[in-house]
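> Here is my input; please provide its structure:
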Amino acid sequence: MATIDASLAPGAPMRRTDWLGRSATLCYLAIAAGQLLFIAFILLYYYPPTLSGNFAAWNDKPIITGFVAGDTAGNLFFAVHVLLAAVLTFGGLVQLVPAIRTRWPAIHRWNGRLYILSALALALALGGLWMTWGRGTWLAIGGAIGITLDALLIIAFAALAWRSARARRFVEHRRWAIRLFAVASAVWFMRVGYMAWGLATGGAGIGKAMDGPFDLFLAFANSLLPLAIAEIYLRAGARGTAMARRATATLLIASSLVILAGSAGAWMVMWGPYI
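Here you go, the predicted structure:
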């Protein structure tokens, strides 16, 4: 079971016929490719003006609530938010690589601590809850509720991942870490989801104020859908039949293709033009 759980990333041992493990690795690589593009955008677009104190440059790209004149506290919170977002995203990718866990366990432990602390900070004061309800960073109430739900899931899964690691229940810990990664990546999944849907349908159901039926769906699906797929994968790997494992492998391959398409679209529309 530990081998199956670890197969979400490259380097995990697997049988020649273990298509579930291979498809999980493919899905991880698709996620990694898309998240590295997201990190590149954060580093190239947000880091220079943030570190130089030119906060007003955030608004060069359309954003719900970026720089607000006179809102010193809010601007500082947003600054830390964007700086920490790159740390969180990269840390999550590193944490799921089995080779790092087995060859450099100290790096895995310290990166895991930083990842959990970053996830909690972004879920609480610097992200989901304060930025949404304290600063009003939302357009539609459905989106605000979806962000709040995601923040609560991040808090719960971070606590469970930390507790199981402290108790040295490592198989259980990896499961909670995968669940945490799924919900902590919701902001990125939302962008990829919008672009994949836009490419497939031309933007059907997307409202001007993010209040259309697809907007409402994605407000919750950006965390719950990846979490559901992760849960299906974990259960199929632990005790699934051969048919269940094949079906789950097919689901992961399809998810990989959607992620790659959405990531490419996000780079061409949301990220690349602003660098």
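> which residue ranges form the helices in this structure?
Listed in chain order, the helices of the chain (DSSP state H) span 2-6, 19-41, 47-52, 72-95, 98-103, 105-123, 128-129, 141-166, 170-184, 186-201, 213-239, 242-266.
> mean pLDDT lowest for which of these?
Per-stretch mean pLDDT for the helices of the chain is lowest at helix 2-6 (a mean of 36).
> Now do the nearest residue to T248 once chain neighbours are set aside: how many residues are near it, please.
Leaving aside its chain neighbours, T248 sits nearest to A236 (4.0 Å; criterion: Cβ to Cβ, 6 or more residues apart in numbering). The C-beta positions use only the backbone N, C-alpha and C, and glycine is treated the same way. Residues lying near A236 (other Cβ atoms under 10 Å) number 22.
> one step back: looking at the helices of the chain, which is closest to K61?
For those, proximity to K61 was assessed by Cβ to Cβ; helix 19-41 is nearest, at 9.6 Å.
> Run through the neighbouring helices and strands of the closest one.
Counting by 3 or more Cβ pairs under 8 Å, 6 or more residues apart in numbering; DSSP states H and E, the packing neighbours recorded for helix 19-41 are helix 2-6, helix 72-95, helix 186-201, helix 213-239, helix 242-266.
> hmm, try it at 6 Å
Applying 3 or more Cβ pairs under 6 Å, 6 or more residues apart in numbering; DSSP states H and E, one finds that helix 19-41 contacts helix 72-95, helix 186-201, helix 242-266.
> now those helices as a markdown table including mean neighbour count and distance to A177?
Output for the helices and strands packed on helix 19-41, formatted as a markdown table (neighbours: other Cβ atoms under 10 Å; distance: least, Cβ to Cβ, whole Å):
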| stretch | mean neighbour count | distance to A177 |
| --- | --- | --- |
| helix 72-95 | 18 | 7 |
| helix 186-201 | 21 | 16 |
| helix 242-266 | 18 | 18 |
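> Using CSV, lay out these together with distance to I42.
Shown next, in CSV, are the helices and strands packed on helix 19-41 (distance: least, Cβ to Cβ, whole Å):
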stretch, distance to I42
helix 72-95, 4
helix 186-201, 10
helix 242-266, 12
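> nearest to L37, of the ones you listed?
Using Cβ to Cβ as the measure, helix 242-266 is the one of the helices and strands packed on helix 19-41 that comes nearest L37, at 5.9 Å.
> residues making contact with stretch 193-202?
For stretch 193-202, the surrounding residues in contact (Cβ atoms under 6 Å, 6 or more residues apart in numbering) are 218, 222, 258, 261-262, 265-266.
> who are the neighbours in contact with F67?
55-56, 58-59, 75.
> Among these, which one lies nearest to I39?
Nearest to I39 among the contacts of F67 is W58, at 17.2 Å by Cβ to Cβ.
> Quick check: that closest one vs A86, distance?
Distance of W58 to A86, computed by Cβ to Cβ, to the nearest Å: 15 Å.
> Can you lay out the contacts of F67 as TSV showing distance to A204?
Listed next are those as TSV, based on distance: Cβ to Cβ, whole Å:
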residue	distance to A204
F55	36
A56	35
W58	30
N59	29
N75	36
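> Out of those residues, which two sit at the greatest distance?
N59 and N75 (11.0 Å).
> Relative to T102, which of the contacts of stretch 193-202 is nearest.
When the contacts of stretch 193-202 are ranked by distance to T102 (Cβ to Cβ), V258 comes first, at 30.6 Å.
> how about that closest one, what does it touch?
V258 is in contact with A196, counting by Cβ under 6 Å, 6+ apart.
> Swap in 8 Å and give it another go.
Contacts here follow Cβ atoms under 8 Å, 6 or more residues apart in numbering; on that basis V258 touches 192, 196.
> On the pLDDT front, check M270 for me.
92.
> That one - how many residues pack around it?
The burial count for M270: 18, using other Cβ under 10 Å.
> Please report how far it lies from F214.
The value you get for M270 to F214, if Cβ to Cβ is used, is 16 Å.
> before we move on, what about A249?
In terms of Cβ to Cβ, A249 sits 28 Å off from F214.
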